[in-house]
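> Structure here, sequence nowhere to be found:
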């Protein structure tokens, strides 16, 4: 780990700190248990309702398990990772090591990236631990490799975004508890607030049928898709729906016209007017941009000297020189 | 001697509170500079400005020619800073703690490995190399913290209350360690409330109160400048009244004060005086309690002093002690400060 220590000492310190002691393994165990229980219940439920003499019974079970596992894993990392990231800098403040850290020669970006990567490395461990569960779906079929890859990508992008949010609050706040609460509140605001706003906007925009003509234009379609794809569950859910329809292209043709219902774009059957980016692609881009902004803000606020520049002024001192 | 630290009109205001008020400070290279002042005087603020953690409202500060606000990176290379608290990382061993900070200061890996053991040996923690920092005693943590400040081999060490909370043995060990560091060519700026400790190791001092530097310079020069006369302590076994009359007639004597017997307990054995109650003192030190002390403020030279002693003995006054009182940092501190806080 010496090369890593040279590259980013904060990352090495954090990884050592996180992986020592029982906490990391307890969280991992609880994470897997929480994943295992609904997966088992889901299997039992689906298995009891599916008729095994049907041609695609296995596929139905596989697909249902896969979606269930990804959803539960996504919810879990959204709880664990921002919470861990939120204490990254506040724990330094509470231990009174913050000033020591920022008075070293480490540039602020290295400290922030080190802290973020340490939180993400742990998240990655959780995500890797999910893979065997996903492999269960393959026993039953109905899930493609592309779907698994996109699900993992979605999980990773989500932890980067919400981890970055945790880091920013950790830089701003003084106490871990406060930072964790604000970070979780931010997550809840995004996860519940965005769908609510989309719903309200959708109802207002699409209340008449046919909807206004401007909603059938290409710019609005791009904008609406971008808004829908800012939410991880909506973006990944829509992606899965399009993939199930056989749409695997990064940009697929959609017909210019009404969006019905207001979250579904009619596919152009090869002859559509507008090329729409796949929701997972939009989500990846949007989440990456948002995460980059949050990281830059964290770096900005980490600077120890954040007051105005000193202005030298001539005057008489009070010193008595001996 | 060239100054490694220099401040000019350094001022720091927090809304309506002036933490530092036109501070002009100079610390010569190789000095151990004691920065003394009551709580809230501005010591930590000054130190934080000098470590580039805080910007002054106005004024300037230089370390080895680098202005702190313009060149913080250079300042961090030059300065090893130890705050008044010891921050501990959970689950970190002593060597890992030093290695982390050395790496954070850009010390190459090859040098780190060698330097680590040297630093631990320097602070006498070589046998604690693989111990967790959390498990070390407070004194050991302070020494480890001192080793941390040395991790990047800085020219200047800024130590904020390094001895606070330490037991007497740990304090003595820390003091010896600081002397050793000075011998290695380091300049040390140290703040402390324990003035007697600073007096034993500081070459220079600065006394700050309510953000103003009241006095700064070499300890010996400050002592000389603040003492317009010498104070001689005379202890007699009897005839104290007559001794006072005789002393008042000596040329150069400005004032003579008669002290009671208890105050005349010998200073060279204070533990005996403090450790026994007043009743047992009588039985333990019967001969000492017969003494009466007289303080004499005197402006003459050594010849006049000798004549003074001769007059007393010639008059048959039983003198058992005749010595000049040595002022220390506590005297200076009490003399120049007024107990003002922010």
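Right, received. Where do you want to start? Everything numeric in this text was worked out from a predicted model, so none of it was measured.
> Counting neighbours, which bits of the helix or strand containing residue A:122 end up buried?
If you go by DSSP states H and E, residue A:122 is part of helix A:108-140. For helix A:108-140, the neighbour count (16 or more other Cβ atoms under 10 Å in any protein chain shown) marks A:108, A:110-120, A:122-124, A:126-127, A:130, A:133-134, A:136-137, A:140 as buried. C-beta coordinates here come from the backbone N, C-alpha and C atoms, glycine included.
> likewise stretch B:246-254?
B:246, B:247, B:250, B:252, B:253.
> Out of those, list just those in helices.
B:246, B:247 (DSSP state H).
> Going along the chain, name the helices of chain A.
A:2-7, A:9-19, A:23-49, A:57-86, A:90-94, A:98-102, A:108-140, A:145-172, A:176-188, A:194-205, A:218-228, A:232-244, A:279-302.
> Do me a favour and average the pLDDT over the first one.
Which is helix A:2-7. For helix A:2-7, the mean pLDDT works out to 68.
> Number of residues surrounding residue 167?
Here I'm looking at chain A. Other residues near residue A:167 come to 29 when the count uses other Cβ atoms under 10 Å in any protein chain shown.
> The intended chain is chain B.
11.
> Look up how far residue B:93 lies from the closest residue in space to it that isn't next to it in sequence.
In this structure, residue B:167 finds its nearest non-sequential neighbour in residue B:139, 6.7 Å apart by Cβ to Cβ, 6 or more residues apart in numbering or on different chains. Residue B:139 sits 18 Å away from residue B:93, going by Cβ to Cβ, to the nearest Å.
> Could you check how many residues crowd around the residue lying closest to residue A:249 once chain neighbours are set aside?
Among residues not flanking residue A:249 along the chain, residue A:278 sits closest, at 7.0 Å (Cβ to Cβ, 6+ apart). If you count neighbours by other Cβ under 10 Å, residue A:278 ends up with 22.
> in terms of contact, does residue A:278 touch residue A:245 like I think?
No: in this structure residue A:278 lies outside contact range of residue A:245 using Cβ atoms under 8 Å: 11.4 Å.
> Assign whatever residue of the stretch 201-342 of chain B ends up closest to chain A to helix, strand or coil.
Nearest residue of the stretch 201-342 of chain B to chain A, counting by Cβ to the nearest Cβ: residue B:217, 3.5 Å away. Assigned with DSSP: H, G, I helix; E, B strand; the rest coil, residue B:217 falls in the strand class.
> Contact partners for the spatially closest residue to residue A:282 that is not a sequence neighbour?
Closest residue to residue A:282 apart from its sequence neighbours, by Cβ to Cβ, 6+ apart: residue A:229 at 3.7 Å. Residues near residue A:229 by Cβ atoms under 8 Å, 6 or more residues apart in numbering or on different chains: A:235, A:238, A:279, A:280, A:282, A:283, A:286.
> And stretch B:87-97, what's buried?
B:87, B:88, B:89, B:91, B:92, B:93, B:94, B:95, B:96, B:97.
> Name the residues that touch that stretch?
By Cβ under 8 Å, 6+ apart, stretch B:87-97 touches A:13, A:16-17, A:20-21, A:92, A:95-100, B:100, B:116, B:120, B:125, B:128-134, B:136, B:141, B:144, B:148.
> same question, stretch A:180-193
A:78-79, A:82-83, A:85-87, A:162, A:165-166, A:169-170, A:173, A:231-233.
> count of residues packed around residue A:37?
11.
> oh, I was asking about residue A:291
For residue A:291, using other Cβ under 10 Å, the count is 22.
> Kindly report the same for the one 10 residues further on.
Residues lying near residue A:301 (other Cβ under 10 Å) number 15.
> How confident was the prediction at the residue lying closest to it once chain neighbours are set aside?
Of all residues not flanking residue A:301 in the chain, residue A:171 sits nearest, at 4.7 Å (Cβ to Cβ, 6+ apart). Looking at residue A:171, its pLDDT is 93.
> repeat for residue A:259
The model's pLDDT for residue A:259 equals 61.
> contacting residues for the residue in the stretch 51-200 of chain A that chain B sits nearest to?
For the stretch 51-200 of chain A and chain B, the shortest gap (Cβ to the nearest Cβ) falls at residue A:97, measuring 3.3 Å. Neighbouring residues of residue A:97 by Cβ under 8 Å, 6+ apart: B:87, B:88, B:89.
> if you set the cut-off to 10 Å instead, what comes out?
Applying Cβ atoms under 10 Å, 6 or more residues apart in numbering or on different chains to residue A:97 gives the contacts A:91, B:83, B:85, B:86, B:87, B:88, B:89, B:97, B:101.
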